[in-house]
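[1] Predicted model follows, preceded by the sequence.
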Amino acid sequence: MSRARIVIVGAGFAGYQAARALSRSARGAAEIVLVNPTDYFLYLPLLPEVAAGVLEPRRASVSLTGTLKHVRLVLGQVDRVDLTDRRIG
C-alpha cells in the first residue's frame, strides 16, 4: 500500500505553517507536497523595514527547501482542483 499524499497549495502563512506542522506530525507516514510559484516564503510585515533600509532584504525571506526538510516542493501554480478525481491542475 502506498503512502498517503497531502498536497498544500500556496506557501503563505497558513500553507507554510500547515506544511511545517504536518511534516512534523506525519513523520514519514504521509508524503507532504507543497505547490508554490517561488521557492521562498516572503515575510511581508518586514517589507517596510527593508524599504527604509533598516533591514537587509534577505532577512525578509525564508527558503522553503531549507526550513521544510521533509516536504517536497513543486514550483508551479494551481488553476483548478478536481476533488472527485483527486487532481490539481
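    Looks like it came in fine. Numbering: from 1, shown residues only.
[2] All the strands of this structure, in order from the start?
    For the chain, the strands defined by DSSP state E occupy 4-9, 30-36, 40-42, 61-63, 71-75, 81-82, 87-88.
[3] so which of the ones you listed is the most packed in?
    strand 30-36 (a mean of 19; mean count of other Cβ atoms under 10 Å). The C-beta positions use only the backbone N, C-alpha and C, and glycine is treated the same way.
[4] what angle separates that strand from strand 71-75?
    Per axes from the mean of the first three to the mean of the last three Cα atoms, to 10 degrees, the angle that strand 30-36 makes with strand 71-75 is 30 degrees.
[5] on contacts alone, who are the packing partners of strand 30-36?
    Applying 3 or more Cβ pairs under 8 Å, 6 or more residues apart in numbering; DSSP states H and E, one finds that strand 30-36 contacts strand 4-9, helix 13-26, strand 71-75.
[6] For Val81, find the nearest of these.
    strand 4-9 (7.6 Å; Cβ to Cβ).
[7] Pull the contacting residues for Tyr43.
    60-62 (Cβ atoms under 8 Å, 6 or more residues apart in numbering).
[8] Kindly report the same for Arg5.
    30-31, 33.
[9] Leaving out chain neighbours, which residue sits closest to the residue nearest to the spatial centre of the chain?
    Centroid-nearest residue in the chain, with Cα atoms, centre = their mean: Ala11, separated by 3.4 Å. Ranked by Cβ to Cβ, 6 or more residues apart in numbering and with sequence neighbours excluded, the top spatial neighbour of Ala11 is Asn36, at 4.0 Å.
[10] Check Thr38 too.
    Leaving aside its chain neighbours, Thr38 sits nearest to Leu75 (7.3 Å; criterion: Cβ to Cβ, 6+ apart).
[11] what bridges to that neighbour?
    On the basis of DSSP bridges, Leu75 is bridged to Asn36.
[12] quick one: it and Asn36 touch, right?
    Yes. Contact criterion Cβ atoms under 8 Å: Leu75 and Asn36 qualify, at 6.9 Å.
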